[in-house]
Each structure stands twice: as C-alpha cells, then as structure tokens.
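Asker: Here is a sequence together with a model predicted from it:
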Amino acid sequence: MSMGVTPQSPTGRHRGRMSTRRRVLLAAAGLSACAVLAAALLAAPAGGFGSWFGSDAPSPAEEQVSAAPGPSASATPSAAASPSAQPVGTCARPAGPAPVVKISEVKLSTAATGYGREGDTEPLPMAIAERPAGGSWLAWLGTDKRVYLGRLDCDDKLVGTPTSFAGIDLQDVHADRTGGVVLLTRPGKCGSGKLCGGSSSPCNTMHMIRFDDLGRQVWERQVTNLSGSRTGYDDGARFVWWYQHHGRLATDGKNYAAYFGVAITVRNGDCVDIHEGDRMQVVDANGKPVPGHRDAFEVGCSHSWTTRIVWDPRTSHYAMVCATDNACRIAQPDPYRTVAAGTCDGSLFGGDLVLAATRGYWTAWSQGGTVRLERFTTGKADLTVKTGARSSHPHLVSYGTGRMLLAWASGSSMAAQVYDSGTGKTVGAKFTVNARDHDYQAFKAYSDGSAAYPAAGGSSRSIRIARVLPLS
C-alpha cells in the first residue's frame, strides 16, 4: 500500500468543487499518515447536494431517438406492500440496424437524492439491474436515509409498490433468478481510539442486502469488519470513511462479490493512522463470507478509486481494476499489475470493466479528459484505443454479442459509440442518449442485447431510464 501518499485531486467537470476533498486525506509522503477530515466537507445534509432535478427539465412519458448511421435474520421492509408477484416474462426488445434510445419516466412516491456535485465521496442516487425473469430492479437513494427498491416491467414501468432498507448511501444492485442483492452503506461507530492527527471522521459500514423476488429482505451481511468489539478507530478496522468508498457487485451465479473503497486503521505507537485502499469480499447464497476465496482480499489497491469488478465464466475468476496513486495507474489489484500507466495530476479516473469477445477484458479510463479503451488479459494492455471522446468519467457496458457501448457526458445529455469487443473498432456512428450523465453511475447490460442507464428525472420524484435497444 502507498501509505501516506496524498491522493490526486480530481479534475474535469467538478474540479473547482472537489479538489480540496482529496488534498486533505493524508499527510505528505515520508510522514506518518494521520486521519484528517475537513468538517466543512460533511456539512451538507443527505440528499441536499443541490439536485440536478429541475422543474425546467423536459419530462416525456416516453421518447425514442434513432441514431444517425452472519447474516442477520430476515427483516420486513418498510413499504406498505411488496412489488407485484405477477410474472412479466423475458423481455424481447426489438433490434435494429442502428442503436435506438428509448427514454422512460418512472414516477416515484418518495423523493430521490439528487446528483449534487457528483463528487466521488458523495452519495450515489440510483442503480439498475436486469431481472432474469424479465424487466429490471431499480434502486434509488431516498432523502430519508433509506434505499428504495422497485421492480420495472419490460417497458421500464414501475410494477407494484417499492420496498426499502435502511441506508445512507446506495452503491449497486445486482439480480438473479430468485431476487438479488443491494450494496449499501450504513452508519457505524468510530469509538474512542486516539487518532495520530486530524479530527473525527464518519466510520460507516458496507452491507450486502439479499432480497427475494418480491423485494423482501432475506438476509444482510456486513462486508466491512466493525462490530461491538471493534470500532473504526481500533487497530485492524476496515470501514467506510468519507473518502472515496463507492463499490460494485458481481456474481458467479452462486456467490456475490463486493469490491469497494475502504478505510484502513493501523496502530502507530499510542495512536492510530487511517489509510485508504480497497477491499473485495465474497458472500455465499446464505449470507456467509466464503472463507479463503482465491479472489478476495483485505486490501488491494491503495489509495484506490473507481473500483470495478466483473465475473469471468471463462476463467472462473472475478476480475477487477482500480485507479490508484500507487505508481499513478489503472491497475489490477492483489497483486498489483499495471494495465495502463497514468499521471497523478488530478485527472486520472477509471470507467468500467467488461469481458472482451474471446478472452481478457476491456476497461475505459480517462487522463486529462481524454478517454481511452484498453484491452488486457493480465497486466499491461495489449491494445489501446484512443476514442476521441472528451470526458473525465466514461461509462462502458457490454452491448449484445461481440459489442460494447461507450458513453460519456456531452452537455446536458450523453454521447455514445458502439465498439467491437474483439478488435476495438467502432461500429456505426456516434449517437446521443438524451439523459443526464452522472460521473459514478453505471449502464447495465441485458440478455436481450440492450443496455440501460438510470438518470435524473424531471423532478425529485421521478427517474428516467435511458435504454439503448438491441443492435441487429
């Protein structure tokens, strides 16, 4: 781990508002890294970060744009009713010769957290995942310290009444034949341990919440390690700090894996230092940690941001990449293997990770606002694609057989381009996705060849689903 190295200060769309957040993390290299926190950074209330939801935004009901060329015991959610149990069937969305974007408005009964400044330490508003039986699970962060879960049909319309779970930050949602898992953050305790420097920081916990096909909680499992006998400021603690802590889920069809940023407490004489890295944990179908899983680790990259994970059925391994100031690069963790060399100038960001057509992976990343695609198997990329896109935070998702979709912010909407997932060559022309981008949210792939993205709606009580329909 690169203990005590001051992490980069992000740039791009939000540089003026974000640069101070990273600079206050740790002491300079060569000194003991002490826990530091700027109180002003925590002053904004949950859900009050200056939402991008605006009354002047258009709110179409539906719009189509054609492209040119120990687990806890089961708990009852706090909803009045569970989502309808009526089967919706497997979706078979129409394929065309060029990407078509369908925008659907989902009306909510409760307010969703707004985009805010989109900083890498701020709450994530929403996430989506395919439901194998048809439709989707849509998760969003409310303004009431709860994470909501609703089921969408094949037309991306809400079915039944959403359920909810206690949570102060949504991370991701993933689904399977009998339900799925939500990854979220909850408040924890720092305890009375003495910091070597700095002021108090939140010591939160990361949890997997298993839900059934009605959206009801089945079990929960903390994937950090705080307990009644170990608080955040105790030596050996792994918890969620204010610093970059977002995470993603993946599954091998039986177990679930969570890969996320984590705080690391280390004794330094009669006090403790707080460092930052990332952590990967695997949990089985009963909510129990899988002991000695060959892909899991306590700490991988350090410092770490934009942690990304995918299950590879061809190798029977989870693959991961991070952005790290350890040699300033996009890397595979545990052990470190450089995928792409970068520079710690505040503009190094990872995008997403997908399977390549035959073997290996593609990842999108950005340096200096220039988006690149890298194909790799293990370690250094064997193919680099300079996309010509200008963005700090690209999104990449599998898009049908042998293709992948790159998307990025372009004004008040997004631009997108299809690529061959074997050769990295473009497929067709660039097109527009008329939805508001968020730096850290994700497109999700669907088995019918489409891809979907949850975005800010016309008000705080709506979410837009931007779906890129399948390509023939």
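Answerer: That came in fine, so what should we check first?
Asker: use CA for all of it now, contacts and neighbours both
Answerer: OK.
Asker: which stretches of the stretch 51-200 of the chain form strands?
Answerer: Taking DSSP state E, counting those that start in this stretch as the criterion, the stretch 51-200 of the chain carries its strands at 62-66, 100-107, 126-130, 136-141, 146-152, 158-166, 169-176, 179-186.
Asker: Quick check: phi and psi at residue 120.
Answerer: phi -80, psi 0 (degrees, to the nearest 10).
Asker: quick one: the closest residue to it other than its chain neighbours and residue 209, what's the gap?
Answerer: Nearest residue to residue 120, sequence neighbours excluded (Cα to Cα, 6 or more residues apart in numbering): residue 244, at 5.5 Å. Residue 244 is 21 Å from residue 209, where distance means Cα to Cα, to the nearest Å.
Asker: Can you show me the CA trace of stretch 281-295 as CSV?
Answerer: Extracted as CSV, the C-alpha positions of stretch 281-295 are listed here (Å, rounded to 0.1, in the frame of the first residue of the first chain):
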residue,chain,number,x,y,z
GLN,A,281,-15.3,-9.8,-0.2
VAL,A,282,-17.3,-12.8,-1.4
VAL,A,283,-20.5,-13.9,0.3
ASP,A,284,-22.4,-17.2,-0.3
ALA,A,285,-26.1,-17.8,-1.0
ASN,A,286,-26.8,-18.0,2.7
GLY,A,287,-25.2,-14.7,3.5
LYS,A,288,-22.0,-16.2,5.0
PRO,A,289,-18.5,-15.0,3.9
VAL,A,290,-16.7,-17.5,1.7
PRO,A,291,-13.6,-18.4,3.7
GLY,A,292,-10.3,-18.2,1.8
HIS,A,293,-11.8,-17.2,-1.5
ARG,A,294,-9.0,-17.0,-4.0
ASP,A,295,-10.1,-13.7,-5.5
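Asker: which parts of that stretch are buried?
Answerer: Residues 281-283, 287-290 are the ones in stretch 281-295 that count as buried (16 or more other Cα atoms under 10 Å).
Asker: do the same with stretch 433-445
Answerer: Buried residues in stretch 433-445, counted by 16+ other Cα under 10 Å: 433-445.
Asker: before we move on, the earlier item: out of the strands of the stretch 51-200 of the chain, which is closest to residue 309?
Answerer: Residue 309 sits nearest to strand 169-176 of all the strands of the stretch 51-200 of the chain, at 11.6 Å, using Cα to Cα.
Asker: Can you name the residues in contact with stretch 184-201?
Answerer: Stretch 184-201 is contacted from outside by 34-38, 147, 166-172, 202-209, 226, 231-234, 240-242, 268, 270-273, using Cα atoms under 8 Å, 6 or more residues apart in numbering.
Asker: Mind pulling up the pLDDT for the closest residue to residue 356 other than its chain neighbours?
Answerer: Nearest residue to residue 356 in three dimensions, chain neighbours excluded: residue 421, at 5.2 Å (Cα to Cα, 6+ apart). The per-residue pLDDT reported for residue 421 equals 98.
Asker: Just the mean pLDDT for stretch 460-470, thanks.
Answerer: Per-residue scores along stretch 460-470 average to 97.
Asker: now do stretch 160-169
Answerer: pLDDT averaged over stretch 160-169 gives 97.
Asker: Repeat that for stretch 245-257.
Answerer: Mean pLDDT, stretch 245-257: 97.
Asker: who touches residue 124 in this structure?
Answerer: Neighbouring residues of residue 124 by Cα under 8 Å, 6+ apart: 115, 141, 169-171, 440-441.
Asker: Buried only: go through those residues for me.
Answerer: Among these, those buried by neighbour count (16+ other Cα under 10 Å) are 115, 141, 169-171, 440-441.
Asker: So residue 278 is in contact with residue 302, correct?
Answerer: Yes: the criterion here is Cα atoms under 8 Å, and residue 278 meets it with residue 302 at 6.7 Å.
Asker: where do the strands sit along the stretch 351-472 of the chain?
Answerer: 361-367, 370-376, 383-390, 395-398, 403-410, 413-420, 426-433, 444-445, 451-456, 462-468.
Asker: Output the below-cut-off pLDDT ranges for the stretch 1-150 of the chain.
Answerer: Applying pLDDT under 70 to the stretch 1-150 of the chain flags the ranges 1-89.
Asker: Quick check: residue 101 touching residue 471?
Answerer: No: applying Cα under 8 Å, one finds residue 101 not in contact with residue 471, separated by 11.0 Å.
Asker: Need the pLDDT of the nearest residue to residue 268 once chain neighbours are set aside.
Answerer: Using Cα to Cα, 6+ apart and skipping residues adjacent in sequence, the residue nearest residue 268 is residue 196, 7.4 Å away. We have a pLDDT of 96 for residue 196.
Asker: Residue 196: neighbouring residues, count only.
Answerer: Residues near residue 196, counting by other Cα atoms under 10 Å, number 19.
Asker: quick one, phi/psi of it?
Answerer: Per degrees, to the nearest 10, the backbone of residue 196 is at phi -70, psi -20.
Asker: With residue 223 instead?
Answerer: Torsion angles, degrees, to the nearest 10, at residue 223: phi -110, psi 0.
Asker: I'd say it and residue 204 touch.
Answerer: No: the pair residue 223 and residue 204 fails to qualify as a contact (Cα under 8 Å) at a distance of 11.3 Å.
Asker: re the thing from before, what strand or helix carries the residue nearest to residue 120?
Answerer: Using DSSP states H and E, residue 244 is not contained in any helix or strand.
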